[in-house]
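Asker: here is the input, now give the coordinates:
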Amino acid sequence: MAAGDKSLTVQGVEIHLTTRGDEDYISLTDMVSKFDGGGSLIESWLRNKDTVEFLGVWERLNNASFNSPGFEGIRSRAGLNRFTLSVSQWARETAGIGIVAKPGRYGGTFAHRDIAFEFGSWLSPEFKLYLITEFQRFKQAEVERGLDWDVRRTLSKVQYRVHTDAVQKHLVPDQVTKTEAGYVYANEADLLNKAIFGMTKKEWAAKNPKLKGNPRDHATMEQLVVLSSIESQNALLIQQGMPAGQRLLVLNEQARVQLTSLLSNPSMGQLRGGPLLND
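Answerer: Okay, the predicted model is just below:
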């Protein structure tokens, strides 16, 4: 991992960046410095069973050397009262690359940007939005060097896989056709659309005949941040066996609370001129 002096300032906190190969890693240690609990928050997050599932999905998508049997051993223990997980243990048992400990000056726990954004959501949706905005501004400077970065793709990529894995495992019955399975996935996607946009994809298309794509393609960044959060929550509720109608009520309430919090915060106005919230 290459050292460097790159950093972002997020709500008055300096957050250092470093690189591994061509990928950006963000300091979780710096991120928690503004929150009560400090470094213990990283430990609490790593103990969370949903975190373990998320890290496993990310590694399967990005790490050809990921040790799946080692991961299954960790996953089987996740959720137990005595379960703990350190960054070094994760790397040792799974050959994971998404979250690492960096020694020396500006050292601490660093995570790939996908994982750092997820951690930011766990800390606070508002903080996540600030972090993504500042990171996007940082990346804009690299566009001139041909290093473009798609924030929308990053926001949706991993949580989408977490969600579809839960649908496949718990809602798609055995021995169905691909077409039949597709209906299940589409219904779950529309459940999320209904929770956050108030309408299904078909209803949105009828209401917006001149627009191409789907409601997610035209969502605000606040909506995309909250969408990534409720995708994770829906995956958990599916695993718990909660019926679709009840999940919709729960997810809609969470979406309303999170969006209200983001949109009603006066400090959000400071972000409106940025490249994220002005698109």
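Asker: what's the distance between the residue nearest to Lys201 when sequence neighbours are not counted and Phe54?
Answerer: Sequence neighbours aside, Asn214 is the residue nearest to Lys201 in space, at 5.0 Å (criterion: Cβ to Cβ, 6 or more residues apart in numbering). (Glycine included, C-beta is placed from N, CA and C.) Counting by Cβ to Cβ, to the nearest Å, the gap from Asn214 to Phe54 is 24 Å.
Asker: go on, Phe138?
Answerer: Counting by Cβ to Cβ, the gap from Phe138 to Phe54 is 24 Å.
Asker: what's the answer for Ser27, then?
Answerer: In terms of Cβ to Cβ, Ser27 sits 19 Å off from Phe54.
Asker: start and end of stretch 113-133, how far apart?
Answerer: Start and end residues of stretch 113-133 are separated by 13 Å (Cα to Cα, to the nearest Å).
Asker: so how far is that stretch off the chain centroid?
Answerer: Mean-position distance between stretch 113-133 and its chain equals 8 Å (Cα atoms, centre = their mean, to the nearest Å).
Asker: same question for stretch 29-45.
Answerer: 17 Å.
Asker: and the contacts of it?
Answerer: The contact list for stretch 29-45, computed with Cβ atoms under 8 Å, 6 or more residues apart in numbering, reads 10-16, 28, 51, 84, 86, 107-110, 116, 119-120, 122-124, 127, 131.
Asker: show me those residues that map onto helices.
Answerer: 28, 51, 116, 119-120, 122-123, 127, 131 (DSSP state H).
Asker: just those residues now: which is nearest Gly241?
Answerer: Thr51 (21.1 Å; Cβ to Cβ).
Asker: sorry, back to before: the residue nearest to Lys201 and Glu203 touch, don't they?
Answerer: No. With contacts counted by Cβ atoms under 8 Å, Asn214 stays clear of Glu203, the gap being 11.0 Å.
Asker: so Asn187 touches Ala244, yeah?
Answerer: Yes. Between Asn187 and Ala244 there is a contact under Cβ under 8 Å: 7.5 Å.
Asker: circling back: for the residue nearest to Lys201, give me phi and psi.
Answerer: phi -140, psi 170 (degrees, to the nearest 10).
Asker: tell me the pLDDT at it?
Answerer: Here, the pLDDT recorded for Asn214 equals 85.
Asker: count of neighbours near it?
Answerer: For Asn214, the count of nearby residues is 18 (other Cβ atoms under 10 Å).
Asker: what's the spacing between it and Tyr185?
Answerer: 14 Å.
Asker: just Arg105 next, same as before
Answerer: With Cβ to Cβ as the criterion, Arg105 and Tyr185 are 47 Å apart.
Asker: show me which of those two is the more surrounded one.
Answerer: Shown here are Arg105 and Tyr185; by other Cβ under 10 Å, Tyr185 has more neighbours (15 against 8).
Asker: OK, contacts around the residue lying closest to the more buried one once chain neighbours are set aside?
Answerer: Closest residue in space to Tyr185, ignoring its immediate chain neighbours: Val167 at 5.9 Å, by Cβ to Cβ, 6+ apart. Contact partners of Val167, counting by Cβ under 8 Å, 6+ apart, are 184-185, 188, 238.
Asker: JSON lines please, covering the residues you listed and showing pLDDT, secondary structure and distance to Ser68.
Answerer: Formatted as JSON lines, the contacts of Val167 follow (pLDDT from 0 to 100; DSSP: H, G, I helix; E, B strand; the rest coil; distance: Cβ to Cβ, whole Å):
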{"residue": "Val184", "pLDDT": "80", "secondary structure": "helix", "distance to Ser68": "25"}
{"residue": "Tyr185", "pLDDT": "76", "secondary structure": "helix", "distance to Ser68": "24"}
{"residue": "Glu188", "pLDDT": "87", "secondary structure": "helix", "distance to Ser68": "25"}
{"residue": "Ile238", "pLDDT": "86", "secondary structure": "helix", "distance to Ser68": "22"}
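Asker: could these be laid out in CSV, adding distance to Trp58?
Answerer: What follows is these, written out as CSV (distance: Cβ to Cβ, whole Å):
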residue, distance to Trp58
Val184, 24
Tyr185, 20
Glu188, 21
Ile238, 19
